[in-house]
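Colleague: pasting the sequence and the predicted coordinates here, then a few questions.
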Amino acid sequence: MQTTNDVTFGVTDPIFEIRNASVTFDMERGTSRVMDSVDMNIQRGEILGVVGESGSGKSMFASALLDAIPDPGQLSGEITFRPESGEEIELLQQSESEIKQIRWEEIAMVFQGAMSSFNPTMTIGDHFEETLDVHGYDVDDGMERGRDLLSELYLEPEQVLHSYPHELSGGMQQRALLAMSLLLDPEVLVMDEPTAALDLLMQRSIIELIRKIGQQRDLTIVFITHDLPLVANLADRLGVLYAFEFVEVGPANDVLTGSKHPYTRALLNSTPNLHTPREEMRPIEGKSPDPVSVPDGCTYHPRCPMSDDNCVAADPPFQAGSGATDHQAKCHYIDDVNEAVPLNLREVHNE
Amino acid sequence: MRYFVKRVGQSLLTIVSVVVFTFVMIRQMPGGPLAYIRAQVMQSRGADSIDMAELSKLSVDYMNYSVNDPIHVQLFNYTAQILQGDLGRSFNYGEPVGEIILKSAPWTIFLLTISIILTFAIGILLGAVMAYQEGERFDTAWTGVSMFLNSVPYFVAALLFVYVFAIQLSWFPASGNVASNLDSALTPQYVSSVLYHATLPIASLVLTGFGGIALGMRGNAIKEIGEEYIRVAHLRGVPGRRIAIRYVGRNAVLPLYTQFMISVGFMFGGSVILEQIFAYPGLGYYLLEGINARDYPLMMGIFIVITVAVVACILFADLTYGMIDPRVSDEASREAY
């Protein structure tokens, strides 16, 4: 499908430009397209929140930013990375050894489930030293930085470095992993559901730490989650994924208070909130599409209360409607959404 | 430390139980040791000249206890002598059992050490390669071969080898541990003769053993390869070789360690039949000779040595597991493994 319009989303200094990026898996019953011609710009220094339900392609988007799609997935399209200094890099054109240098040194990643991100038979310190060593960094200097990072994350450096993963709690492992991801001083940090396995209190405190560290280091953070309220507090901009592509992109506050896509509205209306009367809370009817056979036209039309023949026939391009141009959605009827799917959210905690 | 004491205590209890159990069992067998001694004496001197005092003296000589004492005293005396290292004297060979064991045990240990090392080395390497080639032709083929070889009993392989390679083709000797015309010295001829004689017994253990290890290693390694931390390590730029050795290899080998120690014990038991087939004068050979000749002291002695070896290996595995796997260094959690 073609998006003929502007997809810069108002980003002036993009650290990432993603154009027409797709991920496909060949399966017996057909080609599974788990990321479908995605366009995105990521502003240098911002925190981009990427939300979507399970199986909407969130993790694929995260892996694509490191050109690390698990085998046998095929990533195509263009992903341009513009480091602070030096030339822009076409990620998908890099050789295996070049991409290995970019990963972790320029673009680091924190995974869901920190519990399983460390080798259980190596100490945290071993992991740190190994990371520095294989990238040819000075190990002593690097470990000094590692200790500083750990302290900043309210961990006791010596104790943590000498511990085996199973000796640390989930929150400690998560913070140790965060420290390890920042060890080589990357410009971009991609976080794929980094708090999914943690309890609510720990989630909040990790979010605070991420915000603080991001600001101190001018980090660009891509924060991927299914938890819309969580990322609402953190992100500068939000991208909403549905059926393996972005359907709405815009400044976090605008997306939350004036969503332009009916899916985003349905998502917000289905979010449990103490202040929402239960009768107003609605699940989204239907189920998310199968990656082998995505609906024609607008992928959301089978579940959308506003859909008509036009939605079945044509896939809507990104458009801004009558509102601000940095806030766009893939819907034919952006200006009617507010009436058709009213938001029941009374307050938004966006500080 | 508490765990250490407890575990050593358990092992000692096991050994003592086995000693008591075999002692009582053998005593209860028809034609037990006393009947044997009496029959021997009758045979040499006629039925009239037997008196209880002499029988008692003979039984003390050979078995370390007097048949005239009540059974619990016999058991006590016997156990006390064993703890002092005196296993009695063989009826059949007339030598102290301890000496026969010292003479034969090194051969068994030699066979088993080489067999176990080869079995595990081949199994672990093959299993790791299979895991990395999961689903490819190499993996499928070797999974089949491994399962087949693992289902062949080692003594069937041994009989087959003797028939084909020793009798039909005469490539290898059918019996013995070393050419009889060589003095036992560390000369090249002697060493090569020993290895030559050991080839078929070792081959029958290794060929029927490595398949199981390979399949176990394959399963462990496939599980490791799928772990999240392997993917993270790749993204951190850790070279594939290092991941294969330090991450996949090491973590997949750990569960095999206990199996390794237990297999030492099982192979001691297995040596009985193996050494009989190859007429290889090790512990197992003498044990079966002892059983056939109703040589009770020899039988008991070798039984006990094998028991101690098995228990000691498992104890060693238990006590050292915590050192090789940091996850079980907590005493409380260790017993789960």
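Modeller: Alright, I've got the coordinates.
Colleague: contacts, neighbours, all on C-alpha from now
Modeller: Will do.
Colleague: from the chain's centroid, how far away is stretch A:16-35?
Modeller: 17 Å (CA atoms, centre = their mean, to the nearest Å).
Colleague: show me which residues of it are buried.
Modeller: In terms of neighbour count (16 or more other CA atoms under 10 Å in any protein chain shown), stretch A:16-35 has its buried residues at A:16-25, A:32-35.
Colleague: looking at those, which two lie furthest apart in space?
Modeller: Maximum pairwise distance among the buried residues of stretch A:16-35 (CA to CA): 25.3 Å, between A:Phe16 and A:Ser32.
Colleague: and the residue in the stretch 151-300 of chain B that chain A sits nearest to, what does it touch?
Modeller: Of all residues in the stretch 151-300 of chain B, B:Tyr229 sits closest to chain A, at 4.2 Å by CA to the nearest CA. For B:Tyr229, the contact set (CA atoms under 8 Å, 6 or more residues apart in numbering or on different chains) comprises A:Ser116, A:Ser117, A:Phe118, A:Asn119.
Colleague: in the host helix or strand of it, what's buried?
Modeller: Using DSSP states H and E, B:Tyr229 maps to helix B:228-235. Of all the residues in helix B:228-235, those buried under the rule 16+ other CA under 10 Å are B:Glu228, B:Tyr229, B:Ile230, B:Arg231, B:Val232, B:Ala233, B:Leu235.
Colleague: again with stretch B:317-327
Modeller: B:Ala317, B:Asp318, B:Leu319, B:Tyr321, B:Gly322, B:Asp325, B:Pro326, B:Arg327.
Colleague: now, which of these lie close to chain A?
Modeller: Restricting the buried residues of stretch B:317-327 to those touching chain A (CA under 8 Å from any CA of the partner chain) yields B:Asp325, B:Pro326, B:Arg327.
Colleague: from A:Gly170, how far off is the residue of chain A found nearest chain B?
Modeller: Chain B sits closest to A:Ser117 of chain A, with a gap of 4.2 Å, by CA to the nearest CA. For A:Ser117, the distance to A:Gly170 (CA to CA, to the nearest Å) stands at 11 Å.
Colleague: low-confidence bits of chain B, can you list those?
Modeller: Within chain B, the set of residues satisfying pLDDT under 70 comprises B:31-34, B:44-50, B:52, B:67, B:182, B:329-337.
Colleague: scratch that, the stretch 101-250 of chain A is what I was asking about
Modeller: In the stretch 101-250 of chain A, residues with pLDDT under 70: A:113-114.
Colleague: so which bits of the stretch 151-300 of chain B are right by chain A?
Modeller: With the criterion set to CA under 8 Å from any CA, the stretch 151-300 of chain B comes near chain A through B:Glu227, B:Glu228, B:Tyr229, B:Ile230, B:Val232, B:Leu235, B:Arg236, B:Gly237, B:Val238, B:Pro239, B:Tyr247, B:Asn251.
Colleague: quick one: the helices in the chain?
Modeller: By default, I'm working from chain A. Counting by DSSP state H, chain A has helices at residues A:58-64, A:96-105, A:124-134, A:139-152, A:157-161, A:170-181, A:200-217, A:228-232, A:252-257, A:262-269, A:309-313, A:337-340.
Colleague: let's do chain B instead
Modeller: Here chain B has its helices, by DSSP H, at B:2-28, B:33-45, B:52-63, B:71-83, B:97-132, B:137-151, B:154-161, B:188-225, B:228-235, B:240-242, B:250-277, B:283-292, B:296-324, B:331-334.
Colleague: is it true that B:Gly282 touches B:Gln276?
Modeller: No. B:Gly282 is beyond contact range of B:Gln276, at 9.1 Å (criterion: CA atoms under 8 Å).
Colleague: more neighbours, these two?
Modeller: B:Gly282 (27 against 19; other CA atoms under 10 Å in any protein chain shown).
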